[in-house]
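pasting the sequence and the predicted coordinates here, then a few questions.
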Amino acid sequence: MPDSEELDKILKELKQKGDPQAPIPADDNQIKAEEPEADVPEETVSEEISSEQAPTEKISADFKISEQNDSPKITISDEPEYEEYEEINVSDSNNNKKKIIAIAAAVIAVIAIIVAVILIKGNSKEPETTAPISTTEPTTAAPVIVNNPLTNEGNYNQSAAKARPAAIVVENAAQARPQWGINDETNSPDIIVEGEVEGGEARMLWLYADYTALPDQIGPIRSARPPFIKFSEMFDAIFIHWGQSSSKGSYIGANTVFQEDGVDHINQMAFSDKVGLFGRDKSRGVSSEHTGVIYGDKLADAIAQEGFRTEAKDSSYTKFNFNNEDKTVSETVCSTIDVRFSSRSKTRTWAFSDEDKMYHSSDYQTDVARKNILVLYDNTEYVVKDNYKGSGRSETYCEYKLAGGTGKLATMGTITDITWSVENGMLVLKDSQGKALSLNTGKTWIGWASANNGGSDTE
């Protein structure tokens, strides 16, 4: 009988005895056994194999390969099975030996097929792909740099970049000094405008570009005068004051200017103060007119209460030009400058410091420092109002015309002549050659002096 037929017969016999359900190979192409290299003599086999029956381990080669979803599936029995085989005669030892070898070879072949299928299945998986790792760092947008529109100083509140400034009336009588907030370390006024009001006394207008960033307390707050209202209009500012002058006879008072010019303003004497903007500080023991203050953190709420427009109009908001770096303005040294608003007023003195490159004044009974000292000469007129507040006496007001004229700029220890004018409702500054004037970055003091009634500056 050919070897293939003999192998089939052996497998069939074993299957029928041990496991009737075991699969039977179809042909010799599925399982191929290797022939032994040489026969072993019968005597040797007879000595090794006893005539008594012995339990022999059955090697189960059950397996099933199925295909589902184009992927082969292999099932292999988990546990070996044991049973006793019939007695094997010594005389047939040679044939039995061949049968055992053939069975072993068949099992090896089956295992090889299973391993091959598993390997093929493993290799058939789609290769995993990994997204390339980018070595390019993500770019970030450059930070928006917003400078204070009144000083050109950096680190400005970006949300206030388009806001209207606040203009606050502060007095400068001897009893009012030092003014609360004038030398605040972080929120001193961006621009201080100072000029004569009446009786030779000076008054100030403090301009803040960001009305949400004010000192805790500002004052003493005093009443409004027409020239200061007009000046604030050149900056589209919201005007804050405690009282106002009233029209009478030939005198045009602040009340009329507010109404005719449609100025947004908050007057303590007419304001329904639901937010607590105004108060009094009586700690100095002076008369009540020198005690009125505003609390800086309440101004934004007060403006909201009044429903004022908060975004500035570019067409009516004066914006100065600034140098990229500090520069001198001439070869003329200006270590000190004394400014008189009129022949009736006192002198304001500023001294330049080489240490911080600022001008300092102690006239406010505290140290006040400014980068730019501007002097604007304007025509003035003294207007008399009779029976002032029903007292039977008269009051003489100093009226500035905002007519334009000459002036001075002191900065970086030098001084130069300038000219100024009001064009389209805004303040325009030019140098002595008629070109746009540039200030150095920092805070400015503006001395509003009389061109025709004794105003002066002395270096």
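Nice, thanks for sending it over.

now do the buried residues in stretch 399-419.
Under the neighbour-count criterion of 16 or more other CB atoms under 10 Å, stretch 399-419 has 399-400, 402, 404-405, 407-416, 418-419 buried. (Each C-beta comes from the backbone N, C-alpha and C, glycine too.)

what of stretch 162-177?
Those would be 163, 164, 165, 166, 167, 168, 169, 170, 171, 172, 176, 177, for stretch 162-177 by 16+ other CB under 10 Å.

in this structure, which strand has the most residues?
strand 414-423 (DSSP state E).

so what sits opposite residue 195 in the bridge?
residue 203, residue 448 (DSSP bridges).

isn't it right next to residue 202, touching?
Yes - Residue 195 is within contact range of residue 202, at 6.4 Å (criterion: CB atoms under 8 Å).

the two: who's more crowded?
Of the pair residue 195 and residue 202, residue 195 is the one with more neighbours under other CB atoms under 10 Å, namely 26 against 21.

distance-wise, check that one relative to residue 227.
Residue 195 is 7 Å from residue 227, where distance means CB to CB, to the nearest Å.

mutual contacts of these two, please.
Common contact partners of residue 195 and residue 227 (CB atoms under 8 Å, 6 or more residues apart in numbering): 398, 400, 448.

hey, what's the second one bridged with?
As for beta bridges, residue 400 partners with residue 380 under DSSP bridges.

and it, what is it in contact with?
195, 227, 230, 231, 378, 379, 380, 448, 450.

just the strands in the stretch 151-300 of the chain please.
In the stretch 151-300 of the chain, the strands defined using DSSP state E, counting those that start in this stretch lie at 166-171, 191-196, 202-208, 217-218, 238-241, 265-267, 278-280, 292-295.

for residue 343, find the nearest of the ones you listed.
With CB to CB, the closest approach to residue 343 among the strands of the stretch 151-300 of the chain belongs to strand 191-196: 10.1 Å.

which strands and helices sit next to that closest one?
strand 202-208, helix 226-233, strand 395-400, strand 444-450 (3 or more CB pairs under 8 Å, 6 or more residues apart in numbering; DSSP states H and E).

now it: average pLDDT?
Mean pLDDT, computed over strand 191-196, is 98.

hmm, who's touching that strand?
Applying CB under 8 Å, 6+ apart, the contact partners of strand 191-196 are 150-151, 172, 182, 202-207, 227-228, 231, 341-342, 344-345, 348, 368, 370, 380, 398, 400, 443-450.

ok, residue 186 to residue 215 distance?
Using CB to CB, residue 186 is found at 8 Å from residue 215.

so between these two, which is more surrounded?
Neighbours per residue (other CB under 10 Å) separate residue 186 from residue 215, with residue 215 holding more: 24 against 6.

which ones are touching residue 239?
Here residue 239 is in contact with 167, 169, 224, 229, 232, 258, 263, 264, 265, 266 (CB under 8 Å, 6+ apart).

between the shared contacts of residue 195 and residue 227, which sits nearest residue 390?
Among these, residue 398 lies closest to residue 390 (CB to CB), at 22.3 Å.

what sits against that closest one?
Listed by CB under 8 Å, 6+ apart, the contact set of residue 398 reads 195, 196, 197, 198, 227, 342, 380, 381, 382, 450, 453.
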